[in-house]
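J.: Can you look at this prediction? I've put the sequence above it.
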Amino acid sequence: MGTRNEYLIIAITLALASSLAYVSDPDPLQDFCVAVNDSKFAVFVNGKFCQDPKIAKVDDFFFSGLQVPRNTSNPVGSTVTPVNVDHIPGLNTLGISLVRIDYGFNGLNPPHTHPRATEILFVLEGTLYVGFVTSNTNNRLFTKTLYSGDVFVFSEGVITIANAVFGSNPPISPDVLTKAFQVEKNVVDYLQAQFWWDNN
């Protein structure tokens, strides 16, 4: 009798451990979930309400205007034109976003996060130095210089800005951080020299 109870306890423990170890966003239960702001006749999914799929229309999956260049005369020398669920409601729950980024000479897109969507970057014209820092404990930096026609993927995921940006391995260029955060180089040098205490 004792052996049977032991097997039962082990089976229950393994079942609970397996269910706790699975961590990801589930696949959608329907083809699409067009986001709406009004909760009438809608279901709340992924931070947005989903309208009834029977009333979806083609414009829920459409955006026009990315061909228009934008002004880059600002402190960071770039302007982002986002195309996300706020612009294409049909992107809701798909984990995809798109942007047009116009860069001036020596412009940059400051460090930021992609908490719920993967982003694919295509270089139409010019040369662009890109990269990301992993959000795990290694804070690993991946960088590459891209040229016209090149594509780069920024994966979905949240990063801890301080550790990931100022404690990346190898370090992000202080010139990039100085411009991105609009501070003097000595401030960036100081922050990179600290490396951060793990307060978890």
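T.: The structure has been received and is ready for your questions.
J.: Could you list everything the residue sitting nearest the centre point of the chain pairs with in the sheet?
T.: By Cα atoms, centre = their mean, the chain has its centre lying nearest to residue 114, at 1.3 Å. Counting by DSSP bridges, residue 114 is bridged to residue 157.
J.: and it, what pLDDT?
T.: Looking at residue 114, its pLDDT is 70.
J.: Likewise for residue 171?
T.: pLDDT at residue 171 comes out at 83.
J.: correct me, but it touches residue 140?
T.: No. Using Cβ atoms under 8 Å, residue 171 is not in contact with residue 140; the gap is 11.7 Å. To be clear about C-beta, it is placed using only N, CA and C from the backbone, and glycine gets the same treatment.
J.: Next up, the contacts around residue 98.
T.: 66, 82-84, 119-120 (Cβ atoms under 8 Å, 6 or more residues apart in numbering).
J.: Next: residue 141.
T.: If a contact means Cβ under 8 Å, 6+ apart, then residue 141 has 131-133, 168-172 as its contacts.
J.: Apply 6 Å and report the result again.
T.: Residues in contact with residue 141, defined by Cβ atoms under 6 Å, 6 or more residues apart in numbering, are 133, 168, 170.
J.: in which helix or strand would I find it?
T.: Using DSSP states H and E, residue 141 falls within strand 141-147.
J.: Flag every buried residue along that strand.
T.: For strand 141-147, a neighbour-count test (16 or more other Cβ atoms under 10 Å) marks 141, 146 as buried.
J.: Any idea how far apart the tips of stretch 65-82 sit?
T.: Chord length of stretch 65-82, first to last residue, is 11 Å (Cα to Cα, to the nearest Å).
J.: And stretch 65-81, by the same measure?
T.: Terminal residues of stretch 65-81 lie 9 Å apart, using Cα to Cα.
J.: Can you list the residue ranges for helices in the chain?
T.: Taking DSSP state H as the test, the helices found in the chain are 2-21, 161-166, 174-181, 185-194.
J.: lowest average confidence, helix or strand, in this protein?
T.: When each helix and strand of the chain is scored by mean pLDDT, DSSP states H and E, helix 2-21 comes last, with a mean of 57.
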